[in-house]
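Student: just a sequence and a predicted model for now, questions to come.
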Amino acid sequence: MQLDHYVNTLGKHLKSRFGERVHKLPLHAGFTCPNRDGSIGRGGCSFCSVDSFSEERDGSVDGQLAHGRQTIDWVKRYLAYFQAYTNTYAEIAHLRSLYDSALASHGVVGLCVGTRPDCVPDAVLDLLAAYQEQGSEVWLELGLQSAFDETLQRVNRGHGFAEYTATVARAQARKIPVCTHLIIGLPGETPEQSLISLERVLTEGVQGLKLHPLMIVRGSRLALEYDRGELAVLSLTDYVDTAAEMIRRTPAEVIFHRVGASARAPTLIAPDWCSKTLPTNNAIAHNLAKLGAQGYRTARPYPING
Ligand code: SF4
């Protein structure tokens, strides 16, 4: 079942803008993270594992993009996705040189820059705004995960919702599209909290969303809690019900970069249904087909718990 019949996907948006398929190529540009090196915190977010990033590193930005192009040679245009760690955590001259090199690489039509909400100085936003003015597709991807400060504390994010709202306001002032990452099934969170997180994010203003389930990955702190039997993971059905309801409550113009996620063995510990993305996407598409597509609930007022 085609997800983009029911969801305004990034793929659909890019095809309409560029007239052909555009693929996102992930990069590991050698960054670290202030929540690991001690400047904000140590040990990182409890769901994050260095292991899941290290296998993706493969030389220069241009070299990684060239390698990515070979693996999907039927696509001719790409977004360079600065994905691993905190991709704004460096001096501005270094960032400019990395981003410039990506944009100069063959077939690259834009940038997605993944980072923390508390690590986006004005100089970075000005740089991204300049790329956008030059015609590049630009996305600032902010890892928020939850709009609840107690949850952010529980998973050792090292920032609260206030840092997110401040950065979104500065990005919106420059008209830089923001894609916010939310995790469903964080420790102690209910499905209703995921719906409230979505509502808070929509209220602040957002152009893109990325949803994914909590995955327990090898090397993370949550893996230790899971091993001790202190943590439950979502079933596929529970994830699909919550994700689909979030999509229904999202206005049609917001672009979903992703509605699921997967990890490979041996990195993935649980849940096992996260070893593949396609069945999750199909189940979400079925739910949306049956109960209403993206935006269905925005046109029909609903009680917050309804
Ligand atoms: S999820 Fe991001 S912010 Fe958290 S530890 Fe990992 S790289 Fe750092």
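Tutor: Yep, it's here.
Student: residue contacts, Ala129?
Tutor: Ala129 is in contact with Val138, Arg174, Lys175, Ile176, counting by CB atoms under 8 Å, 6 or more residues apart in numbering. Using the backbone N, CA and C atoms, a C-beta is placed for each residue, glycine as well.
Student: and the ligand, which of those reach it?
Tutor: By CB under 6 Å from any ligand atom, no member of the contacts of Ala129 lies near the ligand.
Student: which stretches in the stretch 51-200 of the chain count as helices?
Tutor: Along the stretch 51-200 of the chain, the segments classed as helices by DSSP state H, counting those that start in this stretch run 51-54, 61-71, 92-104, 122-133, 149-154, 161-173, 191-204.
Student: show me which residues of the stretch 151-300 of the chain sit near the ligand.
Tutor: Contact residues, the stretch 151-300 of the chain versus the ligand (CB under 6 Å from any ligand atom): none.
Student: and the residue of the stretch 151-300 of the chain nearest the ligand?
Tutor: Arg157 (6.6 Å; CB to the nearest ligand atom).
Student: got any ranges where the stretch 201-306 of the chain has weak pLDDT?
Tutor: In the predicted model, the stretch 201-306 of the chain carries pLDDT under 70 at residues 299-306.
Student: just the ones in strands from the contacts of Ala129, please.
Tutor: If you go by DSSP state E, the contacts of Ala129 have Val138 in strands.
Student: I only care about the contacts of Ala129 that end up buried; give me the PyMOL line for that.
Tutor: Selection of buried members from those for PyMOL, criterion 16 or more other CB atoms under 10 Å:
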select buried, resi 138+176
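Student: and which of the contacts of Ala129 is nearest Thr71?
Tutor: Closest approach between the contacts of Ala129 and Thr71, by CB to CB: Val138, at 23.9 Å.
Student: quick check, the closest one in contact with Pro177.
Tutor: Yes: contact status for Val138 versus Pro177: in contact at 6.7 Å, counting by CB atoms under 8 Å.
Student: please, where are all the strands along the chain?
Tutor: 22-27, 77-82, 108-115, 137-145, 178-184, 208-213, 216-217, 255-258, 268-270.
Student: output the contacting helices and strands for the first one.
Tutor: Contacts of strand 22-27 with other secondary structure elements, assessed using 3 or more CB pairs under 8 Å, 6 or more residues apart in numbering; DSSP states H and E, are made with helix 10-18, helix 61-71, strand 77-82, strand 108-115.
Student: try it again with 6 Å
Tutor: Judged by 3 or more CB pairs under 6 Å, 6 or more residues apart in numbering; DSSP states H and E, the packing partners of strand 22-27 are helix 61-71, strand 77-82.
Student: out of those, which comes closest to the ligand?
Tutor: Among these, strand 77-82 comes nearest to the ligand, with 11.9 Å by CB to the nearest ligand atom.
Student: parallel or antiparallel, which strands does the closest one pair with?
Tutor: Strand pairing for strand 77-82, using DSSP bridges, gives strand 22-27 (parallel), strand 108-115 (parallel).
Student: nearest to the ligand, of the ones you listed?
Tutor: Of the strands paired with strand 77-82, nearest to the ligand by CB to the nearest ligand atom is strand 108-115, at 8.0 Å.
Student: wait, isn't Gly185 in contact with Leu234?
Tutor: Yes: between Gly185 and Leu234 a contact is recorded at 4.1 Å, counting by CB atoms under 6 Å.
Student: residues touching Ala283, list them.
Tutor: Contacts of Ala283 were listed using CB atoms under 6 Å, 6 or more residues apart in numbering, and they are Val240.
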